[in-house]
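[1] Let me see the structure of the following:
(2 chains)
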Amino acid sequence: MTKTIDARGLSCPQPVMLAAEAVTKGELPIEVLVDTVTARENIFRMAKSKGLQVSVDDLKGKFKLTLAKSA
Amino acid sequence: MLNYLTRFFASRWGIILTGVVIGVIAPLLVKFGNPPNMGICVACFERDIAGALGLHRAAAVQYIRPEIIGLVLGATLAALLFREFKARAGSAPIVRFALGAFAMIGALAFLGCPWRANLRLAGGDLNALIGLIGLAAGIAIGVFFLKRGFTLGRAQKTYPVVGWIMPLLMIGLLLLLPFRPVFGEGGPIFFSETGPGSLAAPVAISLGAGLLIGFLAQRSRFCTMGAVRDVILLRDTHLLSGLGALLVTAFVMNLVLGQFKLGFAGQPIAHSSTLWNFLGMALSGLAFALAGGCPGRQLFLSGEGDGDAAVFVLGMITGAAFAHNFSLVAKPDVIKDGVLTVGGLNPYGMIAVTLGIVVMLVFGFTMCEKSA
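    Purely as a prediction, here's the structure:
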């Protein structure tokens, strides 16, 4: 089952920390919910730097990022 | 087009561009009349605003700095244009107020925020190097707490009016500038006639500079604290490249403009009391790390609807008022008749900085969701 991290409303850098922690633990794929563009960009950049595949869904006022191992 | 710009500003070149623009503008503001090595200092300029409003009565540092107004409103414009303006609040506001107040007390012990620390270094003031080492130490302690699970809790989406309070407050301050009303006999609004508060670039230039920087920084998420934090915490140099660009550009600009003077003693509006330069900035760095952003970033966030960042800003302004009213502010070095008198803190200031560090540690240890 895909793990979901709800990082909505958290201050910088907690959303990216939570996502990075899950990646380090090898819990891929994960979904991360955030509600600021800053958090979206930070997690996107972190995932790319780790060579992961990222997709972003814009869900009206929040974003869902899905991080997975590259195929 | 907007999507393209968003991607550009999120890129490394976007953050570098922001750093370069600040690095060009700040020394130019000094050339146009701002205090030496103080092209833009968020802490100093908020302190000047506190003085102009009569919250403190230090006659030398009272002015409604248009740069601060511009930084907030520039961020508001960017957030509206790119549909990122979002009212949110409710993440431990009283703690953020205290973080802001003590961040300011630390900054005024050093005589500058992280922005000015870099601009001072770019002007040859080596005390700033001590300050920046202190800042990094404070941020490192903040990272320690973040790793233990420190959190101020979640903010909630709220009514739009909540997000508009700070931008409207800034518009109100802006209106006070041309009219210069006096409220009651001998009352505010105060404008310094001598001292740093009297040194200012023309209003239109200051405001324009603030608006431009506010706009760019909102897009690129420029943050002087995050620059150091992300390297320690995530080994990520993204924000650091923006700060580096600022430092290098401002250094070159100061050389070109003849504003570079290397040394420790007798630097403009600075003191060479090493320990308190270090500890003052360490206190600030820790407070900024716990609050999630440097004083500039808090202004930009407050401009895009973040009510918690707005509370932090108001905490800083209140902290400045207390710092001056209670004589907690460092005195600059003075060179008179060739004799150097080293400035720094009096015992009240030393106690305040120490107390601030203790308060930060208490927050750090007691506001963790998990233990390490």
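
[2] what's the closest non-adjacent residue to B:I205?
    B:F32 (5.5 Å; CB to CB, 6 or more residues apart in numbering or on different chains). No exception for glycine: its C-beta is placed from N, CA and C like everyone else's.

[3] how much space between that neighbour and chain A?
    Separation of B:F32 from chain A (CB to the nearest CB, to the nearest Å) stands at 32 Å.

[4] Quick check: that residue touching B:A201?
    Yes: contact criterion CB atoms under 8 Å: B:F32 and B:A201 qualify, at 3.6 Å.

[5] So which of the two has more stuff around it?
    B:A201 (21 against 15; other CB atoms under 10 Å in any protein chain shown).

[6] for the residue nearest to B:I205, what are its contacts?
    B:F32 sits next to B:201-202, B:205 when contact means CB atoms under 8 Å, 6 or more residues apart in numbering or on different chains.

[7] Would you list the phi and psi of it?
    Here is the backbone geometry of B:F32 (degrees, to the nearest 10): phi -80, psi 0.

[8] What distance do you get for it to B:L73?
    20 Å (CB to CB, to the nearest Å).

[9] before we move on, what about B:R154?
    27 Å.

[10] higher neighbour count, the two?
    It is B:L73, of B:R154 and B:L73, that has more neighbours when counted by other CB under 10 Å, with 23 against 17.

[11] Find me the pLDDT at that one, would you?
    pLDDT for B:L73: 98.

[12] Please apply the same query to the one 10 residues further on.
    Here the pLDDT value assigned to B:R83 is 94.

[13] my guess is it is in a helix, correct?
    No: counting by DSSP: H, G, I helix; E, B strand; the rest coil, B:R83 is not part of a helix but coil.

[14] what's around it, how many residues?
    B:R83 - counted by other CB under 10 Å - has 9 other residues nearby.

[15] my read: B:L328 touches B:T354, true?
    No: with contact defined as CB under 8 Å, B:L328 does not reach B:T354; the gap is 11.2 Å.

[16] of those two, who's got more company?
    Using other CB under 10 Å as the criterion, B:L328 and B:T354 rank with B:L328 on top: 25 against 12.

[17] How about the residues of chain A by chain B?
    A:8-14, A:16-17, A:20, A:35-38, A:41, A:44-46, A:49, A:61 (CB under 8 Å from any CB of the partner chain).

[18] Please narrow the residues you listed to those residing in strands.
    Applying DSSP state E to the residues of chain A next to chain B, no entry is found in strands.

[19] Now the buried members of those residues.
    A:8-14, A:16-17, A:20, A:35-38, A:41, A:44-46 (16 or more other CB atoms under 10 Å in any protein chain shown).

[20] got a list of what the residue of the stretch 151-300 of chain B found nearest chain A touches?
    Scanning the stretch 151-300 of chain B for proximity to chain A using CB to the nearest CB identifies B:R154 as nearest, at 3.3 Å. By CB under 8 Å, 6+ apart, the residues touching B:R154 are A:8-10, B:90-91.

[21] same thing but at 10 Å, please
    Applying CB atoms under 10 Å, 6 or more residues apart in numbering or on different chains, one finds that B:R154 lies in contact with A:6-11, A:14, A:35, B:88, B:90-92.

[22] Relative to B:C41, which of those is nearest.
    Nearest to B:C41 among these: A:S11, at 23.9 Å, using CB to CB.

[23] Phi, psi for the closest one please.
    Torsion angles, degrees, to the nearest 10, at A:S11: phi -80, psi 160.

[24] show me where pLDDT drops low in chain B?
    B:370-372 (pLDDT under 70).

[25] Smallest gap between the stretch 1-150 of chain B and chain A, at which residue?
    Closest point on the stretch 1-150 of chain B to chain A, by CB to the nearest CB, is B:A10, at 4.7 Å.

[26] For that residue, which non-adjacent residue is spatially closest?
    In space, B:A10 is closest to A:E41, 4.7 Å off (CB to CB, 6+ apart).

[27] What of A:D57?
    A:D57 sits nearest to A:K64 (CB to CB, 6+ apart), 4.4 Å away.

[28] Wasn't that neighbour part of a helix?
    No: per three-state DSSP, A:K64 lies outside any helix segment and is strand.

[29] which residues touch B:L175?
    By CB under 10 Å, 6+ apart, the neighbours of B:L175 are B:64, B:181.

[30] Hmm, B:A320 is touching B:Q62, no?
    No: between B:A320 and B:Q62 there is no contact under CB atoms under 10 Å: 11.1 Å.

[31] Which one's more surrounded, those two?
    More crowded of B:A320 and B:Q62, by other CB under 10 Å: B:A320, with 31 against 28.

[32] What separation is there between that one and B:S302?
    Counting by CB to CB, the gap from B:A320 to B:S302 is 16 Å.

[33] Could you do B:P35 as well?
    From B:P35 to B:S302 the distance is 24 Å (CB to CB).

[34] who's more crowded, those two?
    B:S302 (27 against 22).

[35] Mind checking what secondary structure the more buried one has?
    Under three-state DSSP, B:S302 comes out as helix.

[36] my guess is it meets B:M166, correct?
    Yes: using CB under 10 Å, B:S302 makes contact with B:M166 at a distance of 4.1 Å.

[37] Overlap of the contact sets of those two?
    B:72, B:75-76, B:309-311, B:313-314.

[38] the longest helix in chain A is where?
    Assignment by DSSP state H gives helix A:37-49 as the longest helix of chain A.

[39] any chance you could map the helices in the stretch 1-150 of chain B?
    B:2-10, B:12-31, B:42-52, B:66-81, B:93-110, B:114-122, B:127-147 (DSSP state H, counting those that start in this stretch).

[40] could you pull out the strands for the stretch 151-300 of chain B?
    In the stretch 151-300 of chain B, the strands defined using DSSP state E, counting those that start in this stretch lie at B:156-157.

[41] Tell me the residues on it that lie near chain A, please.
    B:151-157, B:218-221, B:223, B:225-226, B:229-230, B:233-236, B:238-239, B:289-293, B:297 (CB under 10 Å from any CB of the partner chain).

[42] Could you pick out the buried ones from those?
    In those, the ones that pass as buried (16+ other CB under 10 Å) are B:151-152, B:154-155, B:157, B:218-221, B:223, B:225-226, B:229-230, B:233-234, B:236, B:238-239, B:289-293, B:297.

[43] Please enumerate the shared neighbours of B:A320 and B:Q62.
    In contact with both B:A320 and B:Q62: B:47-51, B:55-56, using CB under 10 Å, 6+ apart.

[44] Kind regards, and thank you for your time.
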